[in-house]
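1. 3D, please:
(chains A, B, C and D)
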There are 2 protein chains.
Amino acid sequence: MNGAATRQASRLIPTSQEDKFLSLFSSAHGTTQKLSASATIVSQGDKVTSVYRVVSGHVRCCAYTEDGHRRVVCFRGAGAIIGMGQPTHGTWNTSVEAVTACVVQSVARTLIDDRMPEDPEILNGVVRSLQSEIDQQEAHLLMMAVLPASERVFSFLEEFSRQRGSKGYVALPMCRRDIGEYLGLSMETVSRSFSALRDSQRIETLGAEKFRLLDPASQAPRLPDCHAA
Amino acid sequence: MNGAATRQASRLIPTSQEDKFLSLFSSAHGTTQKLSASATIVSQGDKVTSVYRVVSGHVRCCAYTEDGHRRVVCFRGAGAIIGMGQPTHGTWNTSVEAVTACVVQSVARTLIDDRMPEDPEILNGVVRSLQSEIDQQEAHLLMMAVLPASERVFSFLEEFSRQRGSKGYVALPMCRRDIGEYLGLSMETVSRSFSALRDSQRIETLGAEKFRLLDPASQAPRLPDCHAA
DNA sequence: CGTACTGTTGAGTACTGTCAACCGACGTGG
DNA sequence: CCACGTCGGTTGACAGTACTCAACAGTACG
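-> Coordinates of the predicted model:
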């Protein structure tokens, strides 16, 4: 059986070297914009006209419910492609917002759609981008359904650390509320989970924004009885 | 703003008339198999060699964790394409199992990958299938994060009803445990939610397996305070 | 220096999971 | 034909988790 841990390892489909798909964004067809923190890149309900690529900074994809509540569907950092999953002639089902100051490139969706059939390399980039999105969403879904609060937070920190590739302290660009809305937890529970993880020596913190994972040896997740073997 | 309800309505990307993509499955290149209930079609960890299409019956895609627990990632009925989201040269990250007796067609993944660049219609089918999967997963994710138990169950029944298109009683092919694993709830809570929905006149039941939605006028979801406007 | 915002922590409540008993349908075997 | 065991579903009692409300600390900013 191939467990969730194994999936984690194989999850990242290589973003690949500078291929034609990515170079579309920096070509003459693409535009580059600088955004300040909390700027809105696209609003939920907007017509799908562009596909975006994050060059630097972090963005969040948010879904707003009718009653005005927000849910963070995903955070995306440098290198991420955003918008291929949206239907070509439809509307955005999420808003995309800058968490930190960002540099974001975009190209017309129609350009990609036009080039895709005639250029296998671009096609490949599109399909990889879609598959990667499915895989990440699925992992997110499983986590939400199975893990208790502290484990969700820990799992989030692991993932974030891993993306950053740093062994030292990592700075979280997003606030507790954002994390809560991503993990399906209240801000307070996220904060309590940080404290609990710190107290149980699973992470070290430096202020509220910086953290470091501790001793992988002791990092077997502490599951409640229901999830124990 | 485009609320979740609106998304629901526009979610289903038309599965399209008999196009070349779908006809691949029934062509000489495809194979058809009949499966009895609870048969396994693919196992998590298997190499990705085929893509499947459900002709009749219902299947579930399950993820097994290292500790042996199962989570249902999705249920899929007639017409569903399964496996395009899996990486071409990777392994299945879920098992696919027959919930009821099923007829399932399959074609080699490599065939689709080969034909995709040269045939825009097939390409279109693939991309639509991927986008549809992303959209459904996202809706699932939002539901799991926001809704309390009874609302999740109700939302599941609505979705299932809608797929069946029937106004009368609908038979659920899957058991309470399956539903629980899909919604991130225990079997008991699912059962209690059915009872609560019946008591509050939101559904009618006929035995344990058949249900009918009642009076759409009164079907504004009853959210707890935290989610009220 | 006051205000606003983020984060932390405490107290009480509500929800959901676990454990357990029970019911009814079904199939098997005596 | 009936006794029995199994399985899925339901319901109750209880416990644990996470949410809400609320107070408070630290920081940034005007």
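2. Neighbours of A:Gln163, how many?
-> By the measure other Cβ atoms under 10 Å in any protein chain shown, the count of residues near A:Gln163 is 16. For glycine as for every other residue, the C-beta is placed from the backbone atoms N, C-alpha and C.
3. actually A:Ser195, not the one I typed
-> Around A:Ser195 there are 12 residues (other Cβ under 10 Å).
4. Show me what the host helix or strand of it packs onto, helices and strands only.
-> Here A:Ser195 sits within helix A:187-199, counting by DSSP states H and E. In terms of contacts (3 or more Cβ pairs under 8 Å, 6 or more residues apart in numbering or on different chains; DSSP states H and E), helix A:187-199 is packed against helix A:149-164, helix A:176-183, strand A:203-206.
5. any idea which residue sits dead centre in chain A?
-> A:Phe75 (3.1 Å; Cα atoms, centre = their mean).
6. how much space between it and chain B?
-> 14 Å (Cβ to the nearest Cβ, to the nearest Å).
7. coming back round to it: for the helices and strands packed on helix A:187-199, which one ends up most surrounded?
-> helix A:176-183 (a mean of 22; mean count of other Cβ atoms under 10 Å in any protein chain shown).
8. what's the angle between that helix and helix A:187-199?
-> 90 degrees (axes from the mean of the first three to the mean of the last three Cα atoms, to 10 degrees).
9. is stretch A:77-96 anywhere near chain B?
-> Yes - contact between stretch A:77-96 and chain B, assessed by Cβ under 8 Å from any Cβ of the partner chain, occurs at A:Gly85, A:Gln86, A:Pro87, A:Gly90, A:Thr91, A:Trp92, A:Asn93, A:Thr94.
10. List the contacts of the spatially closest residue to the first one that is not a sequence neighbour.
-> Take A:Gly85 and drop its neighbours on the chain: the residue closest to it by Cβ to Cβ, 6 or more residues apart in numbering or on different chains is B:Ile134, 4.0 Å away. With contact taken as Cβ atoms under 8 Å, 6 or more residues apart in numbering or on different chains, B:Ile134 is in contact with A:Gly85, A:Leu130, A:Glu133, A:Ile134, A:Gln137.
11. what bridges to A:Ala98?
-> Beta bridges link A:Ala98 to A:Val59, judged by DSSP bridges.
12. For B:Ile134, see how far away the residue nearest to the centre of chain A is.
-> Distance from A:Phe75 to B:Ile134, counting by Cβ to Cβ, to the nearest Å: 16 Å.
13. what do you get for A:Val146?
-> Taken as Cβ to Cβ, the span from A:Val146 to B:Ile134 is 21 Å.
14. likewise A:Ile203?
-> 32 Å.
15. just to revisit the earlier point, show me which pair in the contacts of B:Ile134 is furthest apart.
-> A:Leu130 and A:Gln137 (10.8 Å; Cβ to Cβ).
16. if you look at the lengthiest helix in chain A, does any of it touch DNA strand C?
-> Secondary structure of chain A per DSSP state H: the longest helix is helix A:120-146. No - using Cβ under 7 Å from any atom of the strand, helix A:120-146 stays clear of DNA strand C, with a minimum separation of 8.8 Å.
17. what angle do that helix and helix A:176-183 make?
-> 100 degrees.
18. Measure how helix A:120-146 sits relative to helix A:149-164, angle-wise.
-> 160 degrees.
19. from the middle of its chain, how far away would helix A:120-146 be?
-> 11 Å (Cα atoms, centre = their mean, to the nearest Å).
20. again with stretch A:87-98
-> 15 Å.
21. Break chain A down into its domains, please.
-> Structural domains annotated on chain A: A:3-136, A:147-213, as defined by automatic domain parsing.
22. Same list (those) but as CSV, adding distance to DNA strand D and mean pLDDT.
-> Below are the domains of chain A laid out as CSV (distance: least, Cβ to the nearest atom of the strand, whole Å; pLDDT from 0 to 100):
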stretch, distance to DNA strand D, mean pLDDT
domain A:3-136, 9, 89
domain A:147-213, 3, 95
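23. Return the residues in contact with the closest residue in space to A:Phe160 that isn't next to it in sequence.
-> The shortest distance from A:Phe160 to any non-neighbouring residue, by Cβ to Cβ, 6+ apart, is to A:Val170 (6.6 Å). Taking Cβ under 8 Å, 6+ apart as the criterion, A:Val170 is in contact with A:Phe160, A:Ser161, A:Arg164, A:Lys210, A:Phe211, A:Arg212.
24. The fourth one contacts A:Pro173, correct?
-> Right, A:Lys210. No - A:Lys210 lies out of contact with A:Pro173 (Cβ atoms under 8 Å); the separation is 11.1 Å.
25. With neighbour numbers in mind, choose between the two.
-> A:Pro173 (20 against 13).
26. how many neighbours does the spatially closest residue to A:Ile81 that is not a sequence neighbour have?
-> Excluding the flanking residues, the one nearest A:Ile81 by Cβ to Cβ, 6+ apart is A:Ser129, at 4.5 Å. Residues lying near A:Ser129 (other Cβ under 10 Å) number 24.
27. Likewise for the one 10 residues further on?
-> When neighbours are defined as other Cβ under 10 Å, A:Ala139 has 18 of them.
28. From B:Arg71, how far off is it?
-> In terms of Cβ to Cβ, A:Ala139 sits 11 Å off from B:Arg71.
29. Cool, thanks, signing off.
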